[in-house]
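> Okay, predicted coordinates and the sequence, questions at the end:
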Amino acid sequence: EAGVAQSPRYKIIEKRQSVAFWCNPISGHATLYWYQQILGQGPKLLIQFQNNGVVDDSQLPKDRFSAERLKGVDSTLKIQPAKLEDSAVYLCASSPIAGGADTQYFGPGTRLTVL
Amino acid sequence: LAKTTQPISMDSYEGQEVNITCSHNNIATNDYITWYQQFPSQGPRFIIQGYKTKVTNEVASLFIPADRKSSTLSLPRVSLSDTAVYYCLVVYSGAGSYQLTFGKGTKLSVIP
């Protein structure tokens, strides 16, 4: 069974530029999560989708971050414009069903460096 | 706001049992506690999940006291390959919604 795929693996941009990350979850998984993980900290949930609907985006900085899940499968996370403090690893995860008790399967992450 | 607390780091010799505790205030009565392991440059990987008392699988045990204000991940007879960061994940729920909250992680170093 293929795991969660993310691309790119690494991205370096200058502040005020835009960037987009892509995630392909495990086939058949209804729920998709985007996390931000700053060096030395635990992952912080940015947004959670169930199929193509948003379940929780309370910690998503909506003035600069946006996310969508196309047809309930793939997802993209965009930052526009980027700030220095956005430097982090962006993790995508998926789970078979909705709910906090569900086991999450994580991708390898995209490491973003904002200069 | 929900908050979880873990020790920043722990050291252990190979073959010893390691216990990592996570404190989580005010989790609701029907929320699970999950532990993940993370190696450098990888995403977290599921280890174990529990709701109350004790859960055991092939790699770890999870102890949750009756008050559910903390949980302890137990790794029996650790090896060098267990060197990683361990996170607890707690779900805080209420008013029809829930908030997933990871701890800051405990860096376990296994010494030969």
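It's in.
> quick one: is the helix-or-strand element of chain B with minimal mean pLDDT near chain A?
Of all the helices and strands that make up chain B, strand B:97-102 has the lowest average by mean pLDDT, DSSP states H and E, namely a mean of 81. Yes - under the criterion of C-beta under 8 Å from any C-beta of the partner chain, chain A is reached by strand B:97-102 at B:Ser97, B:Tyr98, B:Gln99, B:Leu100, B:Thr101, B:Phe102. C-beta coordinates here come from the backbone N, C-alpha and C atoms, glycine included.
> same deal with stretch B:56-68?
No - using C-beta under 8 Å from any C-beta, we find that stretch B:56-68 stays clear of chain A, coming within 11.9 Å at best.
> Go through that stretch and flag the buried ones.
Buried positions in stretch B:56-68, judged by neighbour count with 16 or more other C-beta atoms under 10 Å in any protein chain shown: B:Ala60, B:Ser61, B:Leu62, B:Phe63, B:Ile64, B:Arg68.
> Ends of it, what's the gap?
End-to-end distance for stretch B:56-68: 17 Å, by C-alpha to C-alpha, to the nearest Å.
> Stretch B:54-64 too?
End-to-end distance for stretch B:54-64, by C-alpha to C-alpha: 6 Å.
> Identify the residue nearest A:Glu85 in space, chain neighbours excluded?
Spatial nearest neighbour of A:Glu85, chain neighbours left out: A:Val114 (7.9 Å); criterion: C-beta to C-beta, 6 or more residues apart in numbering or on different chains.
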